[in-house]
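Chemist: Here is the input, now give the coordinates:
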Amino acid sequence: MTTVPPPLPYRVAGTWAETADTRSVELVPAGRELAPFAPGQFAMVYAFGVGEVPVSASALRGRHGGLVHTVRAVGAVSTALYRLGVGDTVGLSGPYGVGWDLAAAAGHDVLVIAGGIGLAPLRPVVHAVLDRPGAYGRLAVLVGARTPADLVYRDEIDGWRGPARVEVTVDRPGPGWRGAVGVVTSLLDRLSLRPERTCALLCGPEVMMRHTTRDLLGRGLPPQRVQVSLERNMRCATGHCGHCQLGPLLLCRDGPVVAYDRVAPLLQVREL
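Modeler: Numbering: from 1, shown residues only. So this is what the prediction gives:
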């Protein structure tokens, strides 16, 4: 049986708030370093004395040259990670899982669509495309959040404007909000989509991805050029606990990134 190797010690080089309940934590090796991560892959992050959780890398090279993870304080382990300070130590193992297939997107327009903290696993995709502009066509980033206060990476998103087409919408506007209001699919009408040469990469709540993919297919995108990240219920990283099973797929091993033509029939099964 495959097991997760013992975590390596990593030191917190920086931590900063993204929203009221979400922080980004940059980790650098305190000794031996893990193998390089690809966009979309995840690590098992261990808070000593508390437990471990799978967290996708939200940047492959942060402000101090380390690996960045963005965590929302929703449980005991994620709250412990949220409370980390500079100089603290965590355990890290990985990389795990299947990341975004950027090779399949080469030469195509890249459409990134994120809901809420689903932007975290997609952020390295934006970095990769911006770092190699000649390898891809046009880049568009569509972001949806519940409220303006729930938007992550707000300053960085503003910096993407120019080299990328960036559109942001919220469900409930707050004071001073002058942007779009509504579901993220409404932003597709603002694009001059070229379906014959576009690859779409999606991460967010499953209901959002189902509706968005249905809209994209209706606009002519073939399902094999739509990739979705299904990070639900991942726990062990090795495919033996079964918590992340989706039909024949174990998402920590066969995903979390899966082409939509492969996963579409499974997402239509009620309560699967």
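
Chemist: drop to CA atoms for contacts and neighbour counts, all remaining ones
Modeler: Will do.

Chemist: Gly239: which element?
Modeler: If you go by DSSP states H and E, Gly239 is not part of any helix or strand.

Chemist: List the buried residues of the longest strand along the chain.
Modeler: As assigned by DSSP state E, the longest strand anywhere in the chain is strand 8-19. For strand 8-19, the buried set under the neighbour-count rule, 16 or more other CA atoms under 10 Å, comprises Leu8, Pro9, Tyr10, Arg11, Val12, Ala13, Gly14, Thr15, Glu18, Thr19.

Chemist: all helices for the stretch 101-250 of the chain, in order.
Modeler: With DSSP state H, counting those that start in this stretch as the criterion, the stretch 101-250 of the chain has helices at 102-105, 119-131, 154-160, 206-218.

Chemist: Going by contacts, tell me the helices and strands next to the shortest one.
Modeler: When you say that, I think you mean helix 102-105. The helices and strands touching helix 102-105, judged by 3 or more CA pairs under 8 Å, 6 or more residues apart in numbering; DSSP states H and E, are strand 198-203.

Chemist: Okay, now the sheet partners of the strand it packs on, with direction.
Modeler: As defined by DSSP bridges, the strand partners of strand 198-203 come to strand 109-115 (parallel), strand 226-229 (parallel).

Chemist: Pull out the buried positions in the first one.
Modeler: What it means is strand 109-115. Within strand 109-115, the residues scored as buried using 16+ other CA under 10 Å are Asp109, Val110, Leu111, Val112, Ile113, Ala114, Gly115.

Chemist: Could you give the bridge partners of the third one?
Modeler: Here Leu111 shows beta-bridge partners Ala140, Ala200, assigned using DSSP bridges.

Chemist: That one is in contact with Ala200, isn't it?
Modeler: Yes - contact status for Leu111 versus Ala200: in contact at 4.5 Å, counting by CA atoms under 8 Å.

Chemist: Nearest residue to Thr15 in space, please, no chain neighbours.
Modeler: Val25 (4.5 Å; CA to CA, 6 or more residues apart in numbering).

Chemist: ok, the one you found to Gly66 distance?
Modeler: Going from Val25 to Gly66 by CA to CA, to the nearest Å gives 9 Å.

Chemist: what touches both of those two?
Modeler: Ala13 (CA atoms under 8 Å, 6 or more residues apart in numbering).

Chemist: neighbour count winner among those two?
Modeler: For Val25 versus Gly66, the count of surrounding residues by other CA atoms under 10 Å is larger for Val25: 26 against 20.

Chemist: Gly40: neighbouring residues, count only.
Modeler: With other CA under 10 Å as criterion, Gly40 counts 27.

Chemist: For the closest residue to it other than its chain neighbours, the count of nearby residues, please.
Modeler: Nearest non-adjacent residue to Gly40, counting by CA to CA, 6+ apart: Gly99, 4.0 Å away. Residues near Gly99, counting by other CA under 10 Å, number 24.

Chemist: follow-up on the earlier one: would you point out the most distant pair within the buried residues of strand 109-115?
Modeler: Asp109 and Gly115 (20.0 Å; CA to CA).

Chemist: distance of the residue nearest to the spatial centre of the chain from Gly176?
Modeler: The C-alpha lying nearest the average C-alpha coordinate of the chain belongs to Pro121 (CA atoms, centre = their mean; 1.8 Å). Here the distance between Pro121 and Gly176 works out to 29 Å (CA to CA).

Chemist: Give the other helices and strands that the helix or strand harbouring Val28 contacts.
Modeler: Under the criterion of DSSP H and E, Val28 resides in strand 22-29. Packing contacts for strand 22-29, counted by 3+ CA pairs under 8 Å, 6+ apart, involve strand 8-19, strand 67-72, helix 76-82.

Chemist: Nothing else from me, thank you.
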